[in-house]
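# Could you work out the structure for the sequence below:
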Amino acid sequence: MCTFPNTETLTIEFKSDKKPLPDNDIIDAVVAFANTEGGDLYLGIEDDGTVTGLHPSHQDITRLTAFIANKTVPPVSTRATILTNKNLQVLKISVPKYTYIVASSTGKIQRRRLKADHTPENVPLYPYEIPHRLSSLSLLDFSAQPLPDTTRHDLDATERERLRNIIRTYHGEPTLLELDDLELDKALRLVAKVGEDYVPTVTGMLLIGRQERLQELIPTAESSLQIMDNGQLRINETYTLPLLASIEKINNYFTTINQEDEMDVGMFRVPIPHYAPQAFREALINAYSHRDYSLLGRVRVLIEREGITISNPGGFIQGVSYDKLLDAEPHGCNPVLADCLKRIGLAERSGRGIDRIYAGSLRYGKMLPDYSNSTTDNVRLYIPASRPDKNFIRLLTKKQEQLHRDFTIYELMVLSQLKGNQLLTCQELSAHTGIPAYKLESTLETLTAEKMIKTSKQRKVIYYTFSGQSYKVPTCENHLVKEPITDYADYNQQIMKLANKKGNVTRADVTALLHVSPAQAYRLLNRLKENGLLILEGKGKMAHYRLLSIT
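Presented below is the predicted three-dimensional model:
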């Protein structure tokens, strides 16, 4: 007996087939799946998941799959299977995801989406949405398209000079400064040849177009800056400017409010900004570089006491998700625009700007940036305003000076996890950081060889923690035992020492003493109980462990 899904999702749809289901409805469902993520269409199941059975007219699956191929453009190749449950038949039609636009033979184009209540529906794929779909599949670079009814006079000489100044300031390609205006425009693909003339591309108009023409030709190139102060909206501006001018304007606002502290590390004075300037600039440039300019909306920057939010229209490109950003191949929605920003020095040249965004928080021991509120239609980055960890900053600064190199993003993520949890397995580190296993292993080997971290083995399980002198845990309220823990084997001795001094010990005592999680504290105490060194008394909040010899 076969089992079926309980509910509909973006990739699962139920259709009643009691009447039977009209052929056009089948084609519409197949087209919508092909234009989204692919999926499975179940004929013979009601919307509420009740199995009611397949109509006899749809039992010839060979004829049905051929019919679907003949009624779709390009032909969609589906796989059909008849499944049986309690003497009722259900037809499962599996539809692959297509990397181009699929339509019915009558010209109808649909896609799937989730409604506000997270239930799916099929809706038309409108002409203005097609460039977005193609861009997400890396089949169209909207930013490379020449703009009709334009000339090079629509480009602003003042903005071009701003571009040259950016090359000088941010150390872009020096050879670009040797070119005259036309050659510079051609080299950066700000113009494209159409017939005998050069006309501005979308990239050219976005970067150095005249403001009035930019508003007319690309009205989606809109920006919004909001600054909240104690719940009051202090700045609220919306404008359409060339991107270089917009980036400079927002960055200037950011610079004026971004406070900076300092700390002494040996002979050095280390600045500690509230937000890392390079990380903010990279996040802002990413928003402009990767947004979908075929969609309405704006790049929005919201600065609050709790943190900074930077959002832009258009979801992540095909194959990229918010939880896999560090390991994703560097490619975007607007390759020509992104390449231009890299060549002039504004964006990170390797295409790994996300590393710089994450490192801007990790280097100061702060909370990580968060992309989890992004959707298929909008990328939203939140940079929380967390406190720096000065002990961690001191450790990194001294070690980098000693090693004569910077830490990699993966090394920073591992160290950031270990400083808080103290004791983690390779599997736990991989789950917390999202680092692939093959990269994590080499990272752990490097950090171990450089004596930043160390290993210990308990019951055939290898744990990683900071080496004894590498990280000084911030002072806690429990001062009963002040000696630093230098090895996992010392944990039992430290717990027993505390129990002997107090007469008993609780899970909270061990958590504060060893800076481990409550679950890890429980395992340590339970192991001592099993070895006959401690005895458990009480339950719940009254539970505590005492030395077996104490009566």
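# What distance do you get for Pro384 to Glu248?
Look at Pro384 and Glu248: by CB to CB, to the nearest Å, they are 25 Å apart. Yep, even glycine has a C-beta here, placed from its N, CA and C like the rest.
# tell me what whichever strand or helix holds His132 is packed against?
Applying DSSP states H and E as the criterion places His132 in helix 130-136. Contact here means 3 or more CB pairs under 8 Å, 6 or more residues apart in numbering; DSSP states H and E; on that basis helix 130-136 packs against no helix or strand.
# Does Leu147 touch Tyr198 like I think?
No - assessed by CB atoms under 8 Å, Leu147 is found out of contact with Tyr198, at 11.7 Å.
# Put the alpha carbons of the helix or strand of the chain with the lowest mean pLDDT into PDB.
One helix or strand of the chain scores below all others by mean pLDDT, DSSP states H and E: helix 130-136, with a mean of 73. Provided in PDB are the C-alpha atoms of helix 130-136 (Å, rounded to 0.1, in the frame of the first residue of the first chain):
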ATOM      1  CA  ILE A 130      10.200  36.700 -17.600                       C
ATOM      2  CA  PRO A 131      13.500  38.600 -17.400                       C
ATOM      3  CA  HIS A 132      13.600  37.900 -13.600                       C
ATOM      4  CA  ARG A 133      13.000  34.200 -14.200                       C
ATOM      5  CA  LEU A 134      15.800  34.100 -16.900                       C
ATOM      6  CA  SER A 135      18.200  36.100 -14.700                       C
ATOM      7  CA  SER A 136      17.600  33.700 -11.800                       C
END
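# Show the average pLDDT along the helix or strand following that helix.
Reading on from helix 130-136 to the C-terminus, the next helix or strand found by DSSP H and E is helix 157-169. For helix 157-169, mean pLDDT is 95.
# Quick check: which element contains Thr81?
Thr81 belongs to strand 79-85, assigned by DSSP H and E.
# Quick one: list the elements packing against the very next helix or strand once past that strand.
For strand 79-85, the following helix or strand on the C-terminal side (DSSP H and E) is strand 88-95. Judged by 3+ CB pairs under 8 Å, 6+ apart, strand 88-95 is in contact with helix 23-34, strand 39-43, helix 61-70, strand 79-85.
# do that again at 6 Å, thanks
The helices and strands touching strand 88-95, judged by 3 or more CB pairs under 6 Å, 6 or more residues apart in numbering; DSSP states H and E, are helix 23-34, strand 39-43, strand 79-85.
# Please identify the buried residues of the first one?
When burial is assessed from 16 or more other CB atoms under 10 Å, helix 23-34 yields the following buried residues: 26-34.
# How far off centre is it?
The chain centre lies 32 Å from the centre of helix 23-34; the measure is CA atoms, centre = their mean, to the nearest Å.
# when you compare where it runs with where strand 88-95 runs, what's the angle?
Counting by axes from the mean of the first three to the mean of the last three CA atoms, to 10 degrees, helix 23-34 lies at 50 degrees to strand 88-95.
# now helix 23-34 against strand 39-43, angle please.
160 degrees.
# Got the domain ranges for this protein?
As assigned by automatic domain parsing, the chain contains the domains 12-125, 142-217, 222-384, 405-466, 490-547.
# Of the ones you listed, give the one that comes closest to Thr3.
domain 12-125 (7.4 Å; CB to CB).
# need the helices and strands packed on strand 88-95 in a markdown table with mean pLDDT, can you?
Shown next, in a markdown table, are the helices and strands packed on strand 88-95 (pLDDT from 0 to 100):
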| stretch | mean pLDDT |
| --- | --- |
| helix 23-34 | 95 |
| strand 39-43 | 95 |
| strand 79-85 | 91 |
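# Out of these, flag the one nearest Glu450.
strand 39-43 (48.2 Å).
# Can you list the strands that that closest one pairs with?
The strands beside strand 39-43 in its sheet (DSSP bridges) come out as strand 12-15 (parallel), strand 88-95 (antiparallel).
# mind putting the ones you listed in TSV, distance to Leu429 included?
Output for those, formatted as TSV (distance: least, CB to CB, whole Å):
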stretch	distance to Leu429
strand 12-15	34
strand 88-95	37
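# quick revisit: of the domains of the chain, which shows the lowest average pLDDT?
Looking at the domains of the chain, the bottom one is domain 490-547 with a mean of 79.
# Mind jotting down where the helices sit in the stretch 201-350 of the chain?
202-208, 211-217, 243-257, 277-290, 335-343 (DSSP state H, counting those that start in this stretch).
# out of these, which comes closest to Phe316?
Of these, nearest to Phe316 by CB to CB is helix 277-290, at 8.3 Å.
# Other residues contacting the closest one?
For helix 277-290, the surrounding residues in contact (CB atoms under 6 Å, 6 or more residues apart in numbering) are 243, 251, 254, 299, 310, 312, 332-333, 337-338, 341, 346-347, 353, 356-357, 360, 381.
# Buried ones among those residues?
243, 251, 254, 299, 310, 312, 332-333, 337-338, 341, 346-347, 353, 356-357, 360, 381.
# ok, Glu260 touching Tyr275?
No - the pair Glu260 / Tyr275 is not scored as a contact, 9.7 Å apart, by CB atoms under 6 Å.
# and these two? which has more neighbours close in?
Higher neighbour count among Glu260 and Tyr275: Tyr275, with 23 against 10, using other CB atoms under 10 Å.
# Backbone dihedrals for the more buried one, please?
Taking degrees, to the nearest 10, you get phi -130, psi 140 for the backbone angles of Tyr275.
# Just give the nearest non-adjacent residue to it, would you?
Asn258 (5.6 Å; CB to CB, 6 or more residues apart in numbering).
# list the contacts for the one you found?
273-275.
# Please apply the same query to Tyr464.
424, 453, 455.
# is it true that it lies in a helix?
No - using DSSP: H, G, I helix; E, B strand; the rest coil, the assignment for Tyr464 is strand, not a helix.
# sorry, back to before: with respect to Pro436, which of the helices of the stretch 201-350 of the chain lies nearest?
helix 277-290 (22.3 Å).
# about what we covered before: can you redo the buried residues of helix 23-34 as JSON lines with distance to Thr9?
Shown next, in JSON lines, are the buried residues of helix 23-34 (distance: CB to CB, whole Å):
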{"residue": "Ile26", "distance to Thr9": "19"}
{"residue": "Ile27", "distance to Thr9": "21"}
{"residue": "Asp28", "distance to Thr9": "18"}
{"residue": "Ala29", "distance to Thr9": "14"}
{"residue": "Val30", "distance to Thr9": "16"}
{"residue": "Val31", "distance to Thr9": "18"}
{"residue": "Ala32", "distance to Thr9": "13"}
{"residue": "Phe33", "distance to Thr9": "11"}
{"residue": "Ala34", "distance to Thr9": "16"}
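# Among the residues you listed, which one sits closest to Gly107?
Relative to Gly107, the closest of the buried residues of helix 23-34 is Val31; by CB to CB it sits at 10.7 Å.
# and the closest one, how far is that from His153?
44 Å.
# mind listing what the helix or strand Ile535 falls within pairs with, with the direction of each?
Per DSSP H and E: Ile535 is located in strand 534-537. When pairing is defined by DSSP bridges, strand 534-537 lines up against strand 544-547 (antiparallel).
# Any buried residues in the strand it pairs with, and which?
Applying 16+ other CB under 10 Å to strand 544-547 flags 544-547 as buried.
# and of those, the nearest to Pro96?
Closest to Pro96, out of all of these and judged by CB to CB, is Tyr545, at 58.4 Å.
# Please determine how far Lys501 is located from Gln494.
From Lys501 to Gln494 the distance is 11 Å (CB to CB).
# Between these two, which is the more surrounded one?
Between Lys501 and Gln494, counting by other CB under 10 Å, Gln494 is the more crowded of the two (17 against 10).
# Wait, a helix at that one?
Yes - counting by three-state DSSP, Gln494 is located in a helix.
# Against Leu524, how distant is it?
10 Å.
# What of Lys390?
Distance from Lys390 to Leu524, by CB to CB: 29 Å.
# Likewise for Gln493?
From Gln493 to Leu524 the distance is 11 Å (CB to CB).
# Neighbour count: the two, which is higher?
Neighbour comparison, Gln493 and Leu524: the larger count goes to Leu524, with 22 against 13 (by other CB under 10 Å).
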